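In: Kindly return the folded structure for what I paste below:
(chains A and B)
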2 protein chains.
Amino acid sequence: MTNSTNSPSFQQALHQARLETNTLLETLLPLPTGYEKRVVEAMRYAAIGTGKALRPFLVLTIARLCHLSSITASRIAAALEMVHTYSLIHDDLPAMDNDTMRRGKPTVHIAFDEATAILAGDALLTQAFDILAAPETHPHAEIRCLLVQNLAQTAGKNGMIGGQMLDLIGEKTTYSLTEIERMQALKTGALLWYACLAPAMAAKASKSTQAALEQYARAIGLLFQITDDILDIEGSSKTMGKTLGKDITAHKSTFVSLLGMPDAKKLALELEQQALDALEPFGEEANLLRETVRYIMERDK
Amino acid sequence: MTNSTNSPSFQQALHQARLETNTLLETLLPLPTGYEKRVVEAMRYAAIGTGKALRPFLVLTIARLCHLSSITASRIAAALEMVHTYSLIHDDLPAMDNDTMRRGKPTVHIAFDEATAILAGDALLTQAFDILAAPETHPHAEIRCLLVQNLAQTAGKNGMIGGQMLDLIGEKTTYSLTEIERMQALKTGALLWYACLAPAMAAKASKSTQAALEQYARAIGLLFQITDDILDIEGSSKTMGKTLGKDITAHKSTFVSLLGMPDAKKLALELEQQALDALEPFGEEANLLRETVRYIMERDK
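Out: Predicted coordinates for the structure are as follows:
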């Protein structure tokens, strides 16, 4: 999933975020001895792995930029990765997107069964809040509550889940460009927003820093989805590790179907610029975040 | 769902808990204007209603016993009711218990659709943690974090979800009495434990008070499931408001199938006594909790 135009230090940092998150997830998801271990096996199957871990990478990178303790950072990263993973498990279910492949391997309901997949998703979502609220995450309980509330709000009915509902309704409704943008801001953008803002909030970063990161988050959130739509047409199933061309088959409105490919690509370039502009105040320290923009643009290669 | 041997003041308090919880849920679940309102409609359909609200009732009753502020109590009650409701929605799904009726009306996946039911459950679970972590819930962030962590742990892989996994595996595995007890302690007992202990923790009740409530919670948790097994055979679909006789059809091990009806009823009486013994230290102030035991015993009438 890495690509040749990214620097070795970027690829190394992305890989490192995956390893660091895996290590913590291993500790957070020990296998119980009873029969219920099946649900934990499914949680581990989905959450621990070789997937790209973009969200943990963003959390850890921005944490360093904001001088946040590495323990706080890695626990935010693990909690967020759990929520992201739960959303993928439920999204892949037969009643939702009905996907059989994810991150290059069978989806949880295929590898286990549908009931176990539902429960594994539920359990990952639930545990994320336990992790954030735990004293180990941050010395100040006020900050931990803020992390919990923000994750619940970005992942909930007015955030990611709202976006997923819009996505489902979009299968039977023709959306305008504004509606597609709103759907994507909720569905994909919300958790990317949290990845960028949670470490800044936990580090009590200045308002201007948080505003800059907010602009960056919004730009890459939308960029991520536009490139996803482009990849759905131009990518290959092998490099993406999931079933492609589904949006066309489902006759869903996408950025590409509404704008046409050339304008979709043009919009992607504009968002790239917006994201880079947002990073201006940080100087060289934000180089990894600059490369992230390029990485999102070119992850099909 | 009320029964004639309970006092009018108990029936009034139970009814009041339902009304109070409904009022707060109305405020917490406003309908958005966008298409995503469908998921909120499903959340409201399942969470706001005429169901018995035993968990909110326990929270509110124990909160009064422990002199906890009524705002804290009602927010804990609403959060817990959301988690209980989410568990019912997901439990009723075709891939799980495949139930079509719940609380006297069609289950969420029947009234809406399966995808909306999955998302509505997810959103209720998510929002519960937002509610608990919010400053309005308690002036001390440490207490709010404690409420979040305890709910996540009782509802998660080592609590309710673990119990649901055991329940699913139990359809194909013959459990011993010890295993059935453990499954039920997790599946049903965990949230009842939270209903009894969360208000005590939030009120910083003494260790002896918490220990007494813990004994009470464990006894009624098990009692609840044993009477459920008894009702599955002896109850009527009309008074229970859900499909009955499913355990027999599914050849599941239950307290009744393992012990036989007479011994199951004898165990229920023993648990009743344990619950009443636990309330000894509270004197007359715990009368509503005493009636709750009888209510659980006789809710088929």
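
In: Can you give me the distance of the nearest residue to A:Thr137 once chain neighbours are set aside to A:Glu81?
Out: Residue nearest to A:Thr137 in three dimensions, not counting chain neighbours: A:Arg75, with 4.6 Å by Cβ to Cβ, 6 or more residues apart in numbering or on different chains. The C-beta positions use only the backbone N, C-alpha and C, and glycine is treated the same way. A:Arg75 sits at a distance of 11 Å from A:Glu81 (criterion: Cβ to Cβ, to the nearest Å).

In: Neighbour count for these two, which is higher?
Out: Each of A:Arg75 and A:Glu81 has its neighbours counted (other Cβ atoms under 10 Å in any protein chain shown); A:Glu81 has more, 28 against 24.

In: dump the residue contacts of that one.
Out: A:21, A:25, A:47, A:53, A:55-56 (Cβ atoms under 8 Å, 6 or more residues apart in numbering or on different chains).

In: Please identify which helix or strand holds it.
Out: Assigned by DSSP states H and E, A:Glu81 belongs to helix A:70-91.

In: Any idea how far that helix is from the middle of the chain?
Out: Chain-centre distance of helix A:70-91: 8 Å, with Cα atoms, centre = their mean, to the nearest Å.

In: That one to helix B:70-92, inter-axis angle?
Out: 40 degrees (axes from the mean of the first three to the mean of the last three Cα atoms, to 10 degrees).

In: in helix A:70-91, what counts as buried?
Out: A:72-91 (16 or more other Cβ atoms under 10 Å in any protein chain shown).

In: Would you quantify the distance from A:Thr85 to A:Leu124?
Out: 6 Å.

In: overlap in contacts of these two?
Out: With Cβ under 8 Å, 6+ apart, A:Thr85 and A:Leu124 have common neighbours A:43, A:46-47.

In: List the ones among the residues you listed that fall in helices.
Out: Per DSSP state H, helices hold the following members of the shared contacts of A:Thr85 and A:Leu124: A:43, A:46-47.

In: With neighbour count, distance to chain B and pLDDT added, can I get the residues you listed in a markdown table?
Out: Output for those, formatted as a markdown table (neighbours: other Cβ atoms under 10 Å in any protein chain shown; distance: Cβ to the nearest Cβ, whole Å; pLDDT from 0 to 100):
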| residue | neighbour count | distance to chain B | pLDDT |
| --- | --- | --- | --- |
| A:Met43 | 29 | 7 | 98 |
| A:Ala46 | 26 | 13 | 97 |
| A:Ala47 | 25 | 12 | 98 |
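
In: Redo those residues as a markdown table? Include distance to B:Gln184.
Out: Putting these into a markdown table (distance: Cβ to Cβ, whole Å) gives the following:
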| residue | distance to B:Gln184 |
| --- | --- |
| A:Met43 | 23 |
| A:Ala46 | 28 |
| A:Ala47 | 28 |
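
In: Look over the contacts of A:Glu81 and name the one with the lowest pLDDT score.
Out: Sorting those by pLDDT puts A:Ala53 at the bottom of the list (95).

In: For that residue, grab phi and psi.
Out: With angles defined as degrees, to the nearest 10, A:Ala53 sits at phi 50, psi 50.

In: any idea how far A:Tyr216 is from it?
Out: A:Ala53 is 18 Å from A:Tyr216, by Cβ to Cβ.

In: higher neighbour count, the two?
Out: Neighbours of A:Ala53 and A:Tyr216, each counted by other Cβ under 10 Å, are more numerous for A:Tyr216; the result is 28 against 25.

In: Give me the packing partners of the longest helix anywhere in chain A, helices and strands only.
Out: Of all segments of type helix in chain A, defined using DSSP H, the longest is helix A:207-234. With contacts taken as 3 or more Cβ pairs under 8 Å, 6 or more residues apart in numbering or on different chains; DSSP states H and E, helix A:207-234 sits against helix A:177-184, helix A:190-202, helix A:246-249, helix A:255-259, helix A:261-279, helix A:287-297.

In: Go through it and flag the buried ones.
Out: So helix A:207-234, judged by 16+ other Cβ under 10 Å, has buried residues A:209-210, A:212-213, A:215-232.

In: and it, how far out from the chain's middle?
Out: 11 Å.

In: Between helix A:261-279 and it, find me the angle.
Out: Using the same axes, to 10 degrees: helix A:207-234 against helix A:261-279 is 160 degrees.

In: The residue nearest the centre of chain A and chain B, how far apart?
Out: Of all residues in chain A, the one closest to the mean position by Cα atoms, centre = their mean is A:Arg55, 4.9 Å from it. Going from A:Arg55 to chain B by Cβ to the nearest Cβ, to the nearest Å gives 17 Å.

In: so when I look at that residue, I'm seeing a helix, right?
Out: Yes: per DSSP: H, G, I helix; E, B strand; the rest coil, A:Arg55 lies within a helix segment.

In: Hmm, A:Thr188 and it touching each other?
Out: No: with contacts defined as Cβ atoms under 8 Å, A:Arg55 does not count as touching A:Thr188, sitting 10.7 Å away.

In: Overlap of the contact sets of those two?
Out: What both A:Arg55 and A:Thr188 touch, as defined by Cβ under 8 Å, 6+ apart, is an empty set.

In: Buried residues of stretch A:15-33, list them for me.
Out: A:17-18, A:20-22, A:24-25, A:28-29, A:32.

In: Give me the nearest residue to A:Arg55, chain neighbours excluded.
Out: Using Cβ to Cβ, 6+ apart, the nearest residue to A:Arg55 is A:Ala195, at 4.4 Å.

In: give me every residue that touches that neighbour.
Out: If you count contacts by Cβ under 8 Å, 6+ apart, A:Ala195 has them with A:54-56, A:58-59, A:62, A:80, A:217.

In: between the residues you listed, which is nearest B:Tyr175?
Out: The shortest gap between B:Tyr175 and any of these belongs to A:Leu80, at 36.7 Å (Cβ to Cβ).

In: Need the per-residue pLDDT for the residue lying closest to A:Gln210 once chain neighbours are set aside.
Out: Distance criterion Cβ to Cβ, 6+ apart; nearest residue to A:Gln210, sequence neighbours excluded, is A:Ala200 at 5.0 Å. A:Ala200 carries a pLDDT value of 98.

In: Perfect, I'm done here.
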